[in-house]
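A.B. asks: let me see the structure of the following:
(one chain, ligands or ions: 1)
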Amino acid sequence: MPTNTQLIETILSKLKQSYPNATYELDWETPLQLLVATILAAQCTDERVNLVTKTLFPKYPNAQAYSQADILELEQHLKPTGFYRNKAKSIKSVCQALVERFGGEVPQTMAEMVTLPGVARKTANVVLNTAFGISSGIIVDTHVARVSKRMGLTKQKAPERIEADLMRIVPQQEWIFWGPAVVLHGRYTCTAKNPKCVGCILQHVCEFGQAVGSVGWEVRG
Ligand code: SF4
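C.D. replies: Residues are numbered from 1 along each chain as shown. Next up, the predicted model:
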């Protein structure tokens, strides 16, 4: 049996071969734009979010603009991303907090980020890791949660607990790479239904993949 360190080194090396430039598929140019896009990406594809933000970002160039936005107008803009009323309310409240408490800028610490209304560790990690290059933690979205559980890296269900398990075994200097690489692996290979275990780069180190072997598919977790 490999040790945790050997296991993680093997997984990292395979991920780096397959996703050398792993990054999020959301379009953004400023930390605020990434924060807004990440809020919009809940229950929506990145492609659709990118279509919406193409016209949204020029219309609302800073936190002040979102904080003063006409809520009905903002809702109409966000409609194609689904749950648009909640998303409009959330973006407006976050930007009001940014203006009131952070001079309109996105803060650069986890402790400050999670004080923003509705911002949990996942969103905070996306912004801190990606926009600022800060290893604040490991992003755990639905893909990372699923892949981690199937691989046997965690038995937890809550994203914060899964993240804590991953932070214990993945070296901190790899946290920023790990998130987007595993998201891509989950999106295109370790899919929720019918994961492509045969031929998967991680099958030989994956609990689920080894159980499946080459005899067929079975969906778990
Ligand atoms: S072997 Fe299967 S379950 Fe394991 S990571 Fe690959 S696709 Fe996912």
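A.B. asks: make it CA atoms for all contacts and neighbour counts henceforth
C.D. replies: Noted.
A.B. asks: check what pLDDT N4 gets.
C.D. replies: In this model, N4 is scored at 81, pLDDT.
A.B. asks: neighbours around it, how many?
C.D. replies: Counted with other CA atoms under 10 Å, the burial measure for N4 works out to 13 neighbours.
A.B. asks: let me see the contact set for the residue nearest to it when sequence neighbours are not counted.
C.D. replies: Leaving aside its chain neighbours, N4 sits nearest to I169 (6.8 Å; criterion: CA to CA, 6 or more residues apart in numbering). Contacts of I169 were listed using CA atoms under 8 Å, 6 or more residues apart in numbering, and they are 4-5, 8.
A.B. asks: by mean pLDDT, flag the weakest helix or strand of the chain.
C.D. replies: The helix or strand with the lowest mean pLDDT-type score in the chain, counting by mean pLDDT, DSSP states H and E, is helix 207-212 (a mean of 90).
A.B. asks: what about P58, which SS state?
C.D. replies: At P58 the chain is in helix, as set by DSSP: H, G, I helix; E, B strand; the rest coil.
A.B. asks: for the least confident helix or strand of the chain, packing partners?
C.D. replies: In this structure, helix 207-212 makes packing contacts with helix 142-151, judged by 3 or more CA pairs under 8 Å, 6 or more residues apart in numbering; DSSP states H and E.
A.B. asks: so the helix it packs on, near the ligand or not?
C.D. replies: Yes. Applying CA under 6 Å from any ligand atom, one finds that helix 142-151 is in contact with the ligand at 147, 150-151.
A.B. asks: out of those, which is nearest to Y66?
C.D. replies: Proximity of those to Y66 (CA to CA) peaks at V147, which lies at 35.5 Å.
A.B. asks: residues of the protein that sit close to the ligand?
C.D. replies: Counting by CA under 6 Å from any ligand atom, the chain sits next to the ligand at 147, 150-151, 189-190, 195-197, 200, 202-203, 206, 208-209.
A.B. asks: buried subset of those residues as a ChimeraX selection?
C.D. replies: Selection of buried members from the residues of the chain next to the ligand for ChimeraX, criterion 16 or more other CA atoms under 10 Å:
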select :147,150,151,189,190,195,196,197,202,203,206,208,209
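A.B. asks: list the buried ones in the helix ranked longest in the chain?
C.D. replies: Looking across the chain with DSSP state H, the single longest helix is helix 84-102. By neighbour count on 16+ other CA under 10 Å, the buried set for helix 84-102 is 84, 87-99.
A.B. asks: any chance of the residues of helix 142-151 next to the ligand in CSV, plus pLDDT?
C.D. replies: Output for the residues of helix 142-151 next to the ligand, formatted as CSV (pLDDT from 0 to 100):
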residue, pLDDT
V147, 98
R150, 97
M151, 97
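A.B. asks: shaky segments in this structure?
C.D. replies: When the per-residue scores of the chain are filtered using pLDDT under 70, the ranges that remain are 1-2, 213-221.
A.B. asks: quick one: the helix or strand in which Q17 is found to chain centroid distance?
C.D. replies: Assigned by DSSP states H and E, Q17 belongs to helix 4-18. Once both centres are worked out by CA atoms, centre = their mean, to the nearest Å, helix 4-18 turns out to sit 20 Å from its chain's centre.
A.B. asks: one more: stretch 38-51?
C.D. replies: The chain centroid and the centroid of stretch 38-51 are separated by 11 Å under CA atoms, centre = their mean.
A.B. asks: contacts for that stretch, please.
C.D. replies: 25-27, 37, 78, 80-82, 87, 91, 123, 126.
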